[in-house]
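Engineer: here is my input; please provide its structure:
(2 chains)
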There are 2 protein chains.
Amino acid sequence: MKKTIFSVKNIWLIAFAIGFLFQGFSSFAQTQSKESKATWIWYPGDFEVWLSNKIQVRRTEREAVFPPLWQYYSPYALVTFQTEVDIPELDEIKIYSEGTFQLLLDGVQVYGQPKSIKIPAGKHKISFKVYNQEVLPAIYIAGKYVKSDASWKVTNEDKLWIDETGKAQQSGTPWVPVGSWNFDSPESKPSGFKLTTIPWNAKKTEKIGAGQLVDFGKETFGYIKIHGLKGKGKVALYYGESREEALDTAKCETLDHLSFDGNQPETYTHNGSKAFRYVRVQADPTVKYDSISMLYEYLPLDYRGAFKSSDQELNKIWDVSAYTMQLTTREFFVDGIKRDRWVWSGDAYQSYLMNYYLFFDSASVERTLLALRGKEPVTAHVNIIMDYSLYWFVGVYDYYLHTGDTKFIKTFYPRMKSLMEFCLERRNKNGFLEPLEGDWVFIDWADGLPKKGEVSFEQMLLARSLEAMAVSAEIAGEKEDQKQYQKLAADLKTKLFDVFWDKKENVMKHQRIDGKMQDIVTRYANMFGIFFNYFNEEQKQSIKKKVLLNDKILQITTPYMRFYELEALCAMGEQNYVLKEMKDYWGGMLKEGATSFWEEYNPNKKGTEHLAMYGRPYGKSLCHAWGSSPIYLLGKYYLGVKPLKPGYSEYEIKPNLGGLEWMEGKVPTPKGEISVYCSKTAIKIKAAEGEGKLIFESQSKPKTNSGTITELSKNKYQLTVQPNVEYQISYKVVK
Amino acid sequence: MKKTIFSVKNIWLIAFAIGFLFQGFSSFAQTQSKESKATWIWYPGDFEVWLSNKIQVRRTEREAVFPPLWQYYSPYALVTFQTEVDIPELDEIKIYSEGTFQLLLDGVQVYGQPKSIKIPAGKHKISFKVYNQEVLPAIYIAGKYVKSDASWKVTNEDKLWIDETGKAQQSGTPWVPVGSWNFDSPESKPSGFKLTTIPWNAKKTEKIGAGQLVDFGKETFGYIKIHGLKGKGKVALYYGESREEALDTAKCETLDHLSFDGNQPETYTHNGSKAFRYVRVQADPTVKYDSISMLYEYLPLDYRGAFKSSDQELNKIWDVSAYTMQLTTREFFVDGIKRDRWVWSGDAYQSYLMNYYLFFDSASVERTLLALRGKEPVTAHVNIIMDYSLYWFVGVYDYYLHTGDTKFIKTFYPRMKSLMEFCLERRNKNGFLEPLEGDWVFIDWADGLPKKGEVSFEQMLLARSLEAMAVSAEIAGEKEDQKQYQKLAADLKTKLFDVFWDKKENVMKHQRIDGKMQDIVTRYANMFGIFFNYFNEEQKQSIKKKVLLNDKILQITTPYMRFYELEALCAMGEQNYVLKEMKDYWGGMLKEGATSFWEEYNPNKKGTEHLAMYGRPYGKSLCHAWGSSPIYLLGKYYLGVKPLKPGYSEYEIKPNLGGLEWMEGKVPTPKGEISVYCSKTAIKIKAAEGEGKLIFESQSKPKTNSGTITELSKNKYQLTVQPNVEYQISYKVVK
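Structural biologist: This next block holds a predicted model:
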């Protein structure tokens, strides 16, 4: 039932309209153009909360659902979207929504739930109040000029009331910019979001007992399909990341029991996704089928990073790392695809970094940050883990540094601030964080690692988080906050060193309890301080010798903390040593037949011992994002590319062969890539944007085809790199 | 797939179980008995939030949905229910849930989603973690001994994690007692909640134009039914609380456009509820039907209060008030059934009070308080109105006083505290509330009433709210809070009088702006101070004369504030005057043909002027809860019954005929009722519980059949009333 504003019947509505127009036209005036694309919009962060709630309960343990142990937030069920436009001619707009809505055009309620309305030429304020308790409230508005897009605003409490004279009153409405992604057509609704699937065939099938063992050739993820299915009865699917796991029907971590009544179609696609390489199929005799295949499910992302070298094993390590990232980069960066299938902040922090050297996908980083942070009120640390709250802040900073994006910080600064307030309130009277009731201090899976009291590692992460908050406050235009966070960070760093830096040993100590420094040195704060650049050169050298290369210091046995240990060594110029470590550790997994990298790898274990963890024979995840650190290490410390200013407006290339004959690769940047070739005698560089410094060492005086090489010190040279120039440098590597 | 704890397969699970059992068995041990009944349970307050979200978007204005203007909270999508039991023999328990769940028995995960499990004799900890994003997560557990009921606990963040040794860790989990109501069977799920319906026939049908006007005889609410429906085409239903409204198809407030394809059943029941007395039906010529009836929808509650008297008109006023309460007491106490169909705190505050003299239904009060308060964080006043936050606190106190219930306060004290913190933070440097951006200061619909700056009425409500918080803090065991709130209340009352009490005029002034007292006196703070007992006798008498009975003071024109005005006069002994007012005002509506009491009544209006409001010809609600004040006034100030101590453990009866020949009635108490008969020469009392004081005036020395009458002062007598005794007193009313 279409209505136009020309048939207004009510004095009250006119009064309402007049009041409405007068009281707040200014701030949102948009120039609507024909060029922008309509897209589904929602309350920012709510899509991610809704989706993460949904996918994290997909974790199962032998058919039991296994939801997370932290709080689930919810989307706002009632939101008001609003835009102000100034259009050159009449525009008929089509209206799609997820939820019932109230439409106000220039303050006048439009009756019915119109599928389209005509907006006359000129200035207008259009608002949609949408209700949906079941799924995310969202709208898609498509006209020639008027389109739902990122320029719209939204609120969860519009506070629009009518006074006794009929005049509309509205003040203190908390407007925020809408969230949106790539739901760019009416049919592509946010609530229908699905990853992409593509059919994959099995590589090999064996008869096992009365059933079959199907091998898909490598670790994979998706939905099992049964072809030529006939009959009535049960079919059991036992999944295994390893052959042993799939064969062990009593103890495999995941399984599905299917039941058919005889009326099913011949091609059956299971509706539950799983991680596996192998599937053991056992069907009742009354059920027959021809074959098993799968739908491989994935998030379509290009490999924008690349790496190849003279070392075949290293190349394989890079390829398998990339594939592991591909498998674990889904609705969000998840920890592992068999388990937990949850979003953990510590794991994700590493995925963001590896992402910058592989996919450079901003949307995945933002979705994950938002899912982790949740909403208000903050009642526990992110994932209830103290360090995981702190990684979250640093993750936001890294995101800004690599992409140059300020919109995320501007939109979500209030949530950054409230999480930081939660953390700051949990400091003790010394200004240090120590665990209160309900806090889990994780650090790492490490037998015998003490975690009580004041742990230096947590304070160092807090200092870095405060620096991240200072940068974010400035971006958000909060000068007072910026000053406060800068001071807090500086004071904490001073206190950190005063208390934990051992002046005699020249290393950082691990822990103080009730004012007494404990006599233990660990790697964590020592490693992070190196690549956070909190130590001077002398301190770094001392740490390298006494901690990083010292086997007496508690050893790290997870790829999680090895990531940082190897990064610290690379930052200290130990690329040759780290290369050997990578080939040894990751190569060790490859020798064990890994087709994706594992949650944990202990070279001293044998056979099926490799598969066990948490006291369960197949408890270990054989495809864990944090196993992919070679992507990051090779890109940042071998190709040697990293941003110096946000968004690669300024960057650095410090190639380091680490013992290789040659290497070549690409590192993505916001709008392009930096390609690097490096051998012992030649370096080739091409960058799409920004201004870079190529820094390298050469025994002899190097030559370039373009630009000017300056000498920084003996054997150390620098070349300024401009965009879209193919630089070819001849030099001689220093042994 | 049933599992018993005797087939535990994993060392890890045993370790988990041992850790789990050790670390927190004590606090919840329950004696499960065969007598308690199983019921559906949920996170407390979440059912009310979920249901109020759903029903408040049912408001329509000529087909457009009209959702509320304040924030909608959401139920927690992931919750963990837990109980600890000690049972004498094996118990097979049936499991029903709304949502997928993870079941832990003594810390051991039970695989699958069992429909039942066997719990062995002895002590056990049972927990269900339930996920449901679409509707409220809830469970129903029914065994012989183990049953889901109000003794269970629930949390929205269980923080149960496994450390590297496989041991379960859990600390700082915020457990709260579950919410439940009367969903006492597996089929009766919370998400399926519906009010009761019963078929009603039309009283009269007239041919109007090409259609019909159907008259149901009185204001009603429910779903229209069409009988003998045949054909393809449209049927329009135009609803009217008045005949004029239903006839006016262009301007009636609510309507439905139905469309039939020819394949519909012959009996059609519309799925949208509406308020109406009349319905105008216009069908396309291609659609035929035999008759129109309705399904009347209601919340089944008994009238536990009663009132009859020598005055037929007054009796009718009581009956119509009770019917108005019946229509507006639904999923929650709503303001009006045509509009807004929302839950407003000011309206509800009056409904609670009227409820105590009619239904005495605790569940309706609790549901409404919870829907209004919502959850965290508090970002605006309740309904965005300052006074409405304050009524909320006083409403909780009144609930405690009338019912004696402490469980509500103990469970929801944190939400009381956070709302009060929100209010206190909005005080200015003088410690007074004045409106900040986004605050609506309502007070009443009153032309020309100034509402800016420091308004005395708001400070008086805040003082009362602080007293309510002090009582609540004590119940919740928060002694420090109690002291703090007591002091805040006392200080505020002192300041209120220092600033606003005019010592010359001996009345309370209305408003101070920027330190300057405004020269205006209004009724509000003056009225409330009387029945809050903030004034001494001399102050009360001055106010009665100079404000309450003074027509020069801005007059009240809504039944909303008339409720309090008449209450203040009754509290001052003006029952005769108030009786005339009631007959005049409410009788006036009856003379206009009202079958329920209105949102507003101005006796000076004529004809259809009575139907208009907000600039719309039928904008007025003709069935508004706040029109039912006679229920409260007659019960409290004529029958004269009120509690003195929580739950009527001590109470008072002060009958006042106010000019009637006789009256009789009942006032409900938690476990029974107090019946009162009073004529000019006899008083009969019977009470089910508690200890009461009957206080009355008699010209001559009164006699009683039981108990002892003591003389308080000249002509003033008192009798102590014990339960279950029929007292008969002969006396002589003082003229």
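Engineer: rest of the way, CA atoms for contacts and neighbours
Structural biologist: Fine.
Engineer: biggest helix in chain A by residues?
Structural biologist: Ranked by residue count, the top helix of chain A under DSSP state H comes out as helix A:479-500.
Engineer: could you list the low-pLDDT ranges of chain A?
Structural biologist: Within chain A, the stretches with pLDDT under 70 are A:1-35, A:164-165.
Engineer: re earlier: what does the following helix or strand past the longest helix of chain A rub up against?
Structural biologist: Sequence order places strand A:501-502 as the next helix or strand after helix A:479-500, per DSSP states H and E. The list of residues contacting strand A:501-502 from outside it, by C-alpha atoms under 8 Å, 6 or more residues apart in numbering or on different chains, reads A:507-509.
Engineer: for those, pick the one with the most neighbours.
Structural biologist: residue A:508 (27 neighbours; other C-alpha atoms under 10 Å in any protein chain shown).
Engineer: isn't that residue up against residue A:525?
Structural biologist: Yes. Using C-alpha atoms under 8 Å, residue A:508 is in contact with residue A:525, at 6.8 Å.
Engineer: shared neighbours of those two, anything?
Structural biologist: residue A:456.
Engineer: from the contact counts, what lies against the longest helix of chain A?
Structural biologist: In this structure, helix A:479-500 makes packing contacts with helix A:456-475, judged by 3 or more C-alpha pairs under 8 Å, 6 or more residues apart in numbering or on different chains; DSSP states H and E.
Engineer: let's see it at 10 Å
Structural biologist: helix A:407-425, strand A:454-455, helix A:456-475, strand A:507-508, strand A:511-513 (3 or more C-alpha pairs under 10 Å, 6 or more residues apart in numbering or on different chains; DSSP states H and E).
Engineer: which one of those lies nearest to chain B?
Structural biologist: helix A:407-425 (11.7 Å; C-alpha to the nearest C-alpha).
Engineer: chain center to that closest one: distance?
Structural biologist: Offset of helix A:407-425 from its chain centre (C-alpha atoms, centre = their mean, to the nearest Å): 18 Å.
Engineer: and if you look at stretch A:314-332?
Structural biologist: The chain centre lies 14 Å from the centre of stretch A:314-332; the measure is C-alpha atoms, centre = their mean.
Engineer: hmm, it touching chain B?
Structural biologist: No. Residues of stretch A:314-332 are not located near chain B by C-alpha under 10 Å from any C-alpha of the partner chain, the shortest gap being 17.4 Å.
Engineer: how is chain A divided into domains?
Structural biologist: As recorded under automatic domain parsing, the domains making up chain A are A:8-192, A:196-298, A:643-730.
Engineer: for these, which one ends up most surrounded?
Structural biologist: A comparison of these by mean neighbour count, using mean count of other C-alpha atoms under 10 Å in any protein chain shown, puts domain A:8-192 on top with a mean of 20.
Engineer: sorry, back to before: in the longest helix of chain A, what's buried?
Structural biologist: By 16 or more other C-alpha atoms under 10 Å in any protein chain shown, the buried positions in helix A:479-500 come out as A:481-482, A:485-486, A:488-490, A:492-493, A:495-497, A:499-500.
Engineer: please apply the same query to stretch A:604-612.
Structural biologist: Result for stretch A:604-612 [16+ other C-alpha under 10 Å]: buried residues A:610-611.
Engineer: CA atoms of that stretch as PDB?
Structural biologist: What follows is stretch A:604-612, C-alpha atoms only, in PDB (Å, rounded to 0.1, in the frame of the first residue of the first chain):
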ATOM      1  CA  ASN A 604      61.100 -37.300  20.600                       C
ATOM      2  CA  LYS A 605      57.700 -39.100  20.300                       C
ATOM      3  CA  LYS A 606      57.200 -42.100  18.100                       C
ATOM      4  CA  GLY A 607      54.400 -43.400  15.900                       C
ATOM      5  CA  THR A 608      50.900 -42.900  17.300                       C
ATOM      6  CA  GLU A 609      52.300 -41.100  20.300                       C
ATOM      7  CA  HIS A 610      52.300 -38.100  17.900                       C
ATOM      8  CA  LEU A 611      48.500 -38.200  17.700                       C
ATOM      9  CA  ALA A 612      47.700 -38.000  21.400                       C
END
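Engineer: just to revisit the earlier point, nearest to chain B, of the domains of chain A?
Structural biologist: Per C-alpha to the nearest C-alpha, nearest to chain B of these: domain A:8-192, 3.9 Å.
Engineer: and the residue in the stretch 551-700 of chain A positioned nearest to chain B, how many neighbours?
Structural biologist: Using C-alpha to the nearest C-alpha, residue A:615 is the residue of the stretch 551-700 of chain A that sits closest to chain B, at 4.8 Å. By the other C-alpha under 10 Å criterion, the neighbourhood of residue A:615 contains 17 residues.
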